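Enquirer: what's the 3D shape of this:
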Amino acid sequence: MAFASFVIRRLLLGVVVMWVVSVATFLLFFVAPQDPARLLAGKNPSAQEIANINRRLGLDQPILVQYWHYLIRLLHFNLGTSYFTGTSVNTILKEDLPPTLSVMAGGAVLWLIVGIGAGVLSATRARSLVDRISTTGVLIGITFPTFVVGLLLLFLVFKPLNQAGFHWIQTGYEGPSQSIVGWAGHMILPWITIAAVSAATYTRLTRGALLDALGEDYVRTARAKGLSERRVLYRHAVRAALTPVVSQLGVDIGTLAGGAVVTETVFGLGGIGQQSLTSILNGDTPVVLGIVLVAALFVVVANIVVDIAYSVLDPRVKLS
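Expert: Purely as a prediction, here's the structure:
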């Protein structure tokens, strides 16, 4: 009952958040000085041409009327139509979401495995050679920008392998419905690029949280009861240390949902990031609003999952 009540409250809060985001972004882009009608009309348009385009797009109506129509469309899961291509925003997102979701899912799995693994290893061997190497790796990972890592992988991995006749690793995007093996070959370098930068943060978080957990009274009590060090470590200490990691994961997933612009561009994946950049530059407001709402939805869902995960990882946290 407590779990159901929690989920309902968070879903209602999520609806409110989504509504606030829709209002804020709508006002921001429709009050902005950029004029979509003037952009669509081309060079030296007449006042009549601009007025006709505004009438066709419904931009000649009062802002509240425009928002009301937009809200009605949202309630019918209709995100509108692109000003420039006439394509449904739903269709655009359906085409651009798969590359972004592929980068997000694979990258998250990889950076969690590497980050948590390195953090646990570093914390259990504090001030050892392994810890120093891990710390150095963290500094390098945090320092290197994403585009540098991506370009290095292209020149040091992709190019030599393809010149040598090994063509499994490729750029661009191929969906898993075509071939799982082909999809993995196209995504492996973007995953490594995303993970190389993010894993450093997770290593540092895991190491710090685990060192704190290992000094807690309940860990000393577990050891005093004669539990094996492995059980003390993974059943008690690591479980508690994952709380800040889960928090960071919720933030990162929400951020990536808006598109990994640099990674998508370097590897020619397409995706939400590239689409959002192009739409902002073109003043294609319906597409930008659709992308913002989808990213906000991912943030809301990710935070609900994070709160549930808290109660699973730490018994002291209750769903209330």
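
Enquirer: Any idea how far apart the tips of stretch 226-245 sit?
Expert: Using CA to CA, to the nearest Å, the end-to-end distance of stretch 226-245 comes out at 29 Å.

Enquirer: Not counting its own residues, what contacts it?
Expert: By CB atoms under 8 Å, 6 or more residues apart in numbering, the residues outside stretch 226-245 that reach it are 112, 115-116, 120, 123-124, 202, 205-206, 208-210, 212-214, 216, 218-219, 222-223, 310, 313-314, 317. To be clear about C-beta, it is placed using only N, CA and C from the backbone, and glycine gets the same treatment.

Enquirer: any idea which element residue 210 lies in?
Expert: Secondary-structure element containing residue 210, defined by DSSP states H and E: helix 180-214.

Enquirer: For that helix, what does the pLDDT average out to?
Expert: Per-residue pLDDT over helix 180-214 has a mean of 88.

Enquirer: after it comes which helix or strand?
Expert: Tracing the chain past helix 180-214, the next element assigned as helix or strand by DSSP H and E is helix 217-224.

Enquirer: Any buried residues in that following helix, and which?
Expert: Neighbour-count burial for helix 217-224, with 16 or more other CB atoms under 10 Å as criterion, is recorded at 219, 222.

Enquirer: Can you show me the CA trace of that helix as CSV?
Expert: The C-alpha coordinates for helix 217-224 follow below in CSV (Å, rounded to 0.1, in the frame of the first residue of the first chain):
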residue,chain,number,x,y,z
ASP,A,217,29.3,1.0,13.1
TYR,A,218,27.0,-1.5,11.3
VAL,A,219,30.0,-2.7,9.3
ARG,A,220,32.2,-3.1,12.4
THR,A,221,29.3,-5.0,14.0
ALA,A,222,28.9,-7.3,11.0
ARG,A,223,32.6,-8.1,11.2
ALA,A,224,32.4,-8.7,15.0
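
Enquirer: That helix vs helix 180-214, what angle?
Expert: Orientation note: helix 217-224 sits at an angle of 90 degrees relative to helix 180-214 (axes from the mean of the first three to the mean of the last three CA atoms, to 10 degrees).

Enquirer: Now do helix 217-224: everything it contacts.
Expert: So helix 217-224 is in contact with 213, 229, 231-232, 235-237, going by CB under 8 Å, 6+ apart.

Enquirer: The residues you listed in strands, which ones?
Expert: Counted as lying in strands by DSSP state E, out of the contacts of helix 217-224, is not a single one.

Enquirer: In helices, which of those residues appear?
Expert: Restricting these to those inside helices, with DSSP state H as the criterion, leaves 213, 229, 231.

Enquirer: Most neighbours among those residues, which one is it?
Expert: For the ones in helices among the contacts of helix 217-224, the largest number of neighbours (other CB atoms under 10 Å) sits with residue 213, at 20 neighbours.

Enquirer: Enumerate every residue touching that residue.
Expert: For residue 213, the set of contacting residues under the criterion of CB under 8 Å, 6+ apart consists of 219, 236-238, 240-241.

Enquirer: quick check, nearest of those to residue 92?
Expert: Of all those, residue 92 sits closest to residue 241, with 41.1 Å by CB to CB.

Enquirer: Mind splitting this structure into its structural domains?
Expert: Recorded structural domains for the chain (assignment: automatic domain parsing) are 2-75, 93-313.

Enquirer: Need the ones in helices among the contacts of helix 217-224 in a markdown table (columns: distance to residue 261).
Expert: Supplementary listing: those in a markdown table, determined by distance: CB to CB, whole Å:
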| residue | distance to residue 261 |
| --- | --- |
| 213 | 36 |
| 229 | 45 |
| 231 | 44 |
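
Enquirer: any weak-confidence spans in the stretch 51-200 of the chain?
Expert: Low-confidence segments of the stretch 51-200 of the chain, defined by pLDDT under 70, are absent; every residue clears the threshold.

Enquirer: you'd agree residue 84 is in a helix?
Expert: No - judged by DSSP: H, G, I helix; E, B strand; the rest coil, residue 84 forms no part of a helix; its state is coil.

Enquirer: quick one: residue 158 and residue 189 touch, right?
Expert: Yes - at 6.2 Å, residue 158 counts as touching residue 189 under the criterion of CB atoms under 8 Å.

Enquirer: so what's in contact with these two at the same time?
Expert: 169, 171.

Enquirer: More neighbours: those two, which one.
Expert: residue 189 (21 against 18).

Enquirer: thinking again about what came up before, highest mean neighbour count out of the domains of the chain?
Expert: With neighbours taken as mean count of other CB atoms under 10 Å, the domains of the chain reach their highest mean count in domain 93-313, at a mean of 18.

Enquirer: Could you tell me the angle between the helix or strand where residue 139 lies and helix 180-214?
Expert: Residue 139 is part of helix 129-143 when elements are defined by DSSP H and E. Following the same axes, to 10 degrees, one obtains 120 degrees for the angle between helix 129-143 and helix 180-214.
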